[in-house]
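>>> The sequence and its predicted three-dimensional model are supplied below.
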Amino acid sequence: MGHIHRLGRAAPLNSMVSSLASTARDEPYGRVVVRAALWLAFLAPFFYLSYGFANWLASRRDEVGSIVFSWEHSIPFLAWTIVPYWSINLFYGLSLLLNDNRQGVDRLAGRYLTAQIVAVACFILFPLTATFVRPAGGDRQSQDADACPRDADSSRPPGSSCRCHGAGSVMTGNAYQERADRFARMLMQQAAWPAALVVAANILGPLAASARGAFETLPAAIALSITAASTVAVLALSALLVFDALLFRLMASHDDEVSGGAAVDDMLARMRLKPAPSTTRSLEDRMAGTSRLLFKQRAALALFAVALLAAGFWAPR
């Protein structure tokens, strides 16, 4: 009766499922690591790019609201709690490695990507601004925040920098020096980690690609070529960011914006990189120009991540 009603074919189906499960369990862990590394190369830049884009959009709005409850003011400030908060980044990457097969990595990475898209969409649709006053934590960042007062418009969105003004439109004193130095330190950080990321990926990537025969398929080979070209772009732009950071450090060593800008212009003229201008550019204009350079670096990094991820998918299984 079972064979007449085709129920007897359940056994081959069960054996097929068992075979697939056994194959997934027997998958070499090296392939899991490669797949996790490829996903991280895409997810990490995407996280910072999308979050920064949401903050930038919020900074373009004139009025941004806030939601705060009275009981929140009674929460104590504990400076050391930032350490366990930072551990989220570590667990974010390690969780992709705690899989037995590439299908599990893809599933978890897909959930990460979906959560990020939903979160950024909410940030864009419902932007909010922080209304609390930074407590005195004794660190350099707290001192920097205290040195730079808020504008009269207190609804400035998070992620946008406050503007410090001295006499007239020229920044002088500690506020100017702290802002220039803080921007220089930010540039050093934003130049370091993308460069380290692409260098590490280019050390491990060719080894994994050669082991999987990625150079034998045309799409994967083209994607790897784009990865190499974007690596050069990221490293070149990171070097320019470091150079700009040193120039901002030079500006911060002077007492006012005019003398600091003049010192930078004189150095660039002596190095024959730019002719001496008739008027000194403001700190705000110089920071805007460097921010455009930072955006180009992020675009090159995004191209690198996409090409590396595409090479991993097109490589032979």
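Okay, I see it.
>>> tell me the centre residue of the chain?
Tyr48 (3.2 Å; Cα atoms, centre = their mean).
>>> contacting residues for that one?
Arg298 (Cβ atoms under 8 Å, 6 or more residues apart in numbering). To be clear about C-beta, it is placed using only N, CA and C from the backbone, and glycine gets the same treatment.
>>> how far is the helix or strand where it lies from where the chain is centred?
Taking DSSP states H and E as the criterion, Tyr48 maps to helix 29-59. Counting by Cα atoms, centre = their mean, to the nearest Å, helix 29-59 is centred 7 Å from the centre of its parent chain.
>>> swap in stretch 260-272?
From the chain centre to the centre of stretch 260-272 is a distance of 31 Å (Cα atoms, centre = their mean).
>>> buried stuff in that stretch?
Residues of stretch 260-272 classed as buried by neighbour count (16 or more other Cβ atoms under 10 Å): 260-265.
>>> cool, stretch 34-51 as well?
In stretch 34-51, counting by 16+ other Cβ under 10 Å, buried: 34-47, 49-50.
>>> Can you tell me the closest non-neighbouring residue to Leu40?
Gly93 (5.6 Å; Cβ to Cβ, 6 or more residues apart in numbering).
>>> and the one you found, what does it touch?
Residues near Gly93 by Cβ under 8 Å, 6+ apart: 36, 40, 44.
>>> Tell me which helix or strand in the protein has the weakest average pLDDT.
Sorting the helices and strands of the chain by mean pLDDT, DSSP states H and E puts helix 140-147 at the bottom, at a mean of 42.
>>> Which SSE is immediately downstream of that one?
Counting by DSSP H and E, what follows helix 140-147 is helix 173-212.
>>> sorry, back to before: how big is the angle separating the following helix or strand past the helix holding Tyr48 from helix 29-59?
Where DSSP H and E defines the elements, the next helix or strand beyond helix 29-59 is helix 82-97. Helix 82-97 runs at 130 degrees relative to helix 29-59, counting by axes from the mean of the first three to the mean of the last three Cα atoms, to 10 degrees.
>>> Tell me the buried residues in helix 82-97?
Leu96.
>>> which stretches of the stretch 101-250 of the chain have low pLDDT?
The stretch 101-250 of the chain contains residues with pLDDT under 70 at 131-173, 205-217.
>>> What's the local residue count around Thr129?
The number of residues packed near Thr129 is 19, by other Cβ atoms under 10 Å.
>>> Next, work out how far apart it and Ser59 are.
Distance, Thr129 to Ser59, by Cβ to Cβ, to the nearest Å: 10 Å.
>>> And for Leu303?
For Leu303, the distance to Ser59 (Cβ to Cβ) stands at 25 Å.
>>> picking up where we left off before, with the buried residues of stretch 34-51 in mind, which one is nearest to Asn101?
Comparing these against Asn101 with Cβ to Cβ places Arg35 closest, at 8.9 Å.
>>> circling back to that earlier point, between the helix holding Tyr48 and helix 173-212, how many degrees?
Here helix 29-59 runs at an angle of 150 degrees relative to helix 173-212 (the same axes, to 10 degrees).
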